[in-house]
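> prediction below, plus the sequence it came from.
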Amino acid sequence: MSRSTDEIEDSSAPLIEHLAELRTRLIWSVLAFVVAMVVVFSVGGIVLDFLLLPIEKTMRDLGNPNPVMQYTAPQEYFFTLIRISMVGGLMLGFPVIAYQMWRFVAPGLYRKEKDAFLPFLVASPALFLLGAAFAHYIVVPLAMAFFLGFADLPSVVSAYFSGGDTTTPTATEAGIDIVFQGKVNETLDITLKMIVAFGISFQLPVLLTLMGKAGLASAAGLRGTRKYAVVGILLLAALVTPPDVTTQVILFVVVYGLYEISIFLVARVEKTREARLRAEGLWFEDDDDDKDGADGAEDGAEDGTEDGTDKPVWDIGDGGDKKD
């Protein structure tokens with residue numbers, strides 16, 4: 001079946017031209033990432049302070065008037081800023097990277113496919129930022145409060161310094177003071193993992209809706225696999241979150257809620273497709289009959305029947321001859 005020229009762009013270029021085009025797009029994408037990484041690195045200290053806000057607030061709430069973080073290796077702070085620059089550079093350069101990807105694949109798409117794909121290209125980074133913000137402002141503070149709340153968190157300054165004396169630790173009559181001396185890289189590791197985990201989890205509606213548009217997923221199929229989805233989400237929550245019940249429950253509730261939203265969106269996609277096909281006269285009642293017949297066959301298989309009726313599959317007629 002030929003494609004009309006007003007629906008698809010001319011893409012008869014030989015393979016070598018496609019490879020050259022891919023190389024150009026990759027070069028621009030890598031360049032955008034490097035530039036964005038350098039920009040983030042130049043303000044890495046400010047970004048680090050922003051990422052450490054949840055633990056700073058938790059420490060102040062627990063009675064530490066002067067929160068202190070430390071690093072124990074000369075290169076540790078530098079590589080911490082490099083990690084921040086890589087993650088931040090990828091996020092900052094994503095619009096350019098996505099645009100280059102779009103320029104490479106767009107010539108091979110129908111006009112309707114372009115119109116269907118563009119909203120998801122915009123929704124994906126928006127949902128990632130929403131998930132990252134949710135993790136930074138809600139989940140990470142709860143996790144920090146959970147971990148630091150096990151011990152009485154006096155101020156590091158109060159534990160090690162007395163009054164204006166910066167060398168004499170606070171004297172205690174008996175026992176050992178247990179204080180928190182956080183390392184920058186370890187604390188940042190928890191924060192970044194939570195941000196990335198929730199950012200990726202918020203992509204679930206985009207992924208499942210795209211699969212629904214492509215015919216790879218259906219609302220009925222997603223409803224039928226709810227129990228497996230629950231198990232998978234629980235495993236995901238156990239793997240990507242710190243070992244505390246609070247953050248695991250939050251991640252499970254959020255991702256399962258996104259799964260239910262995805263079912264609703266896929267159902268909307270199916271209804272829209274059916275309405276369009278009916279308007280074009282391409283929708284036949286046989287499609288509904290086939291769907292009902294498949295459901296009946298599935299139910300009938302449990303009762304030893306072939307098509308959901310009362311006739312057993314081993315009925316071969318009179319005298320053992322097969323009926324026409």
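Sure thing, it's come through. Quick caveat, the model's predicted, so the values are computed rather than measured. Residues are numbered from 1 along each chain as shown.

> what residues are up against the closest residue to residue 72 other than its chain neighbours?
Once flanking residues are discounted, residue 72 sits nearest to residue 183: 6.6 Å by C-beta to C-beta, 6 or more residues apart in numbering. From N, CA and C alone the C-beta is placed, and that goes for glycine too. The contact partners of residue 183, taken as C-beta atoms under 8 Å, 6 or more residues apart in numbering, are 69-72, 76.

> which among the residues you listed end up buried?
residue 69 (16 or more other C-beta atoms under 10 Å).

> tell me which of the contacts of residue 183 is nearest to residue 202?
residue 69 (28.6 Å; C-beta to C-beta).

> pretty sure the closest one is touching residue 184, no?
Yes - counting by C-beta atoms under 8 Å, residue 69 does reach residue 184; the two are 5.0 Å apart.

> which neighbours do those two share?
By C-beta under 8 Å, 6+ apart, the residues touching both residue 69 and residue 184 are residue 52.

> need the residues that contact stretch 83-97.
Identification of contacts with stretch 83-97 by C-beta under 8 Å, 6+ apart yields 28-29, 32-41, 44, 47-48, 51, 125, 128-129, 185, 188, 192, 196.

> export it to CSV, keeping only CA atoms.
The C-alpha trace of stretch 83-97 is given here as CSV (Å, rounded to 0.1, in the frame of the first residue of the first chain):
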residue,chain,number,x,y,z
ARG,A,83,27.9,13.6,39.7
ILE,A,84,25.6,16.6,40.1
SER,A,85,26.8,18.0,36.8
MET,A,86,26.1,14.8,34.9
VAL,A,87,22.5,14.4,36.3
GLY,A,88,21.8,18.1,36.0
GLY,A,89,23.4,18.3,32.5
LEU,A,90,21.2,15.5,31.3
MET,A,91,18.1,17.2,32.6
LEU,A,92,19.1,20.7,31.3
GLY,A,93,20.1,19.4,27.9
PHE,A,94,17.2,17.0,27.4
PRO,A,95,15.1,19.5,25.3
VAL,A,96,17.9,19.7,22.8
ILE,A,97,18.6,15.9,22.9
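
> okay, and residue 119 sits in which element?
Using DSSP states H and E, residue 119 sits in helix 111-134.

> mind listing what's buried in the strand or helix carrying residue 197?
Element membership of residue 197 [criterion: DSSP H and E] is helix 184-201. Using 16+ other C-beta under 10 Å as the test for burial, helix 184-201 gives 184-185, 187-188, 190-192, 194-201.

> ditto for stretch 78-93
80-81, 84-89, 91-93.

> same question for stretch 213-232.
Buried residues in stretch 213-232 (16+ other C-beta under 10 Å): 213, 217-219, 222, 229.

> turn those into JSON lines, columns for distance to residue 99.
Converted to JSON lines, the buried residues of stretch 213-232 look like this (distance: C-beta to C-beta, whole Å):
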{"residue": "213", "distance to residue 99": "21"}
{"residue": "217", "distance to residue 99": "27"}
{"residue": "218", "distance to residue 99": "32"}
{"residue": "219", "distance to residue 99": "32"}
{"residue": "222", "distance to residue 99": "31"}
{"residue": "229", "distance to residue 99": "33"}
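
> closest one to residue 115 out of those, please.
residue 213 (11.2 Å).

> relative to residue 17, how far out is the closest one?
29 Å (C-beta to C-beta, to the nearest Å).

> what do you get for residue 196?
36 Å.

> which ones are touching residue 211?
Contacts of residue 211 (C-beta under 8 Å, 6+ apart): 217, 266.

> any idea how far residue 45 is from the most centrally placed residue in the chain?
The chain has residue 200 as the residue nearest its centroid, 1.6 Å off, counting by C-alpha atoms, centre = their mean. Here the criterion is C-beta to C-beta. By it, residue 200 lies 27 Å from residue 45.

> and residue 124, by the same measure?
30 Å.

> have a look at these two and say which one is more surrounded.
residue 124 (18 against 12; other C-beta atoms under 10 Å).

> just the element for the nearest residue to that one once chain neighbours are set aside, please.
The shortest distance from residue 124 to any non-neighbouring residue, by C-beta to C-beta, 6+ apart, is to residue 206 (5.2 Å). Using DSSP H and E, residue 206 sits within helix 204-213.

> kindly export that helix (C-alpha atoms) in PDB.
Presented in PDB, the C-alpha positions along helix 204-213 are these (Å, rounded to 0.1, in the frame of the first residue of the first chain):
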ATOM      1  CA  LEU A 204       4.500   5.000  33.500                       C
ATOM      2  CA  PRO A 205       1.400   6.700  32.000                       C
ATOM      3  CA  VAL A 206       3.400   7.900  29.000                       C
ATOM      4  CA  LEU A 207       4.900   4.400  28.400                       C
ATOM      5  CA  LEU A 208       1.600   2.500  28.700                       C
ATOM      6  CA  THR A 209      -0.400   5.100  26.700                       C
ATOM      7  CA  LEU A 210       2.100   4.900  23.900                       C
ATOM      8  CA  MET A 211       1.800   1.100  24.000                       C
ATOM      9  CA  GLY A 212      -1.900   1.400  23.900                       C
ATOM     10  CA  LYS A 213      -1.700   3.700  20.800                       C
END
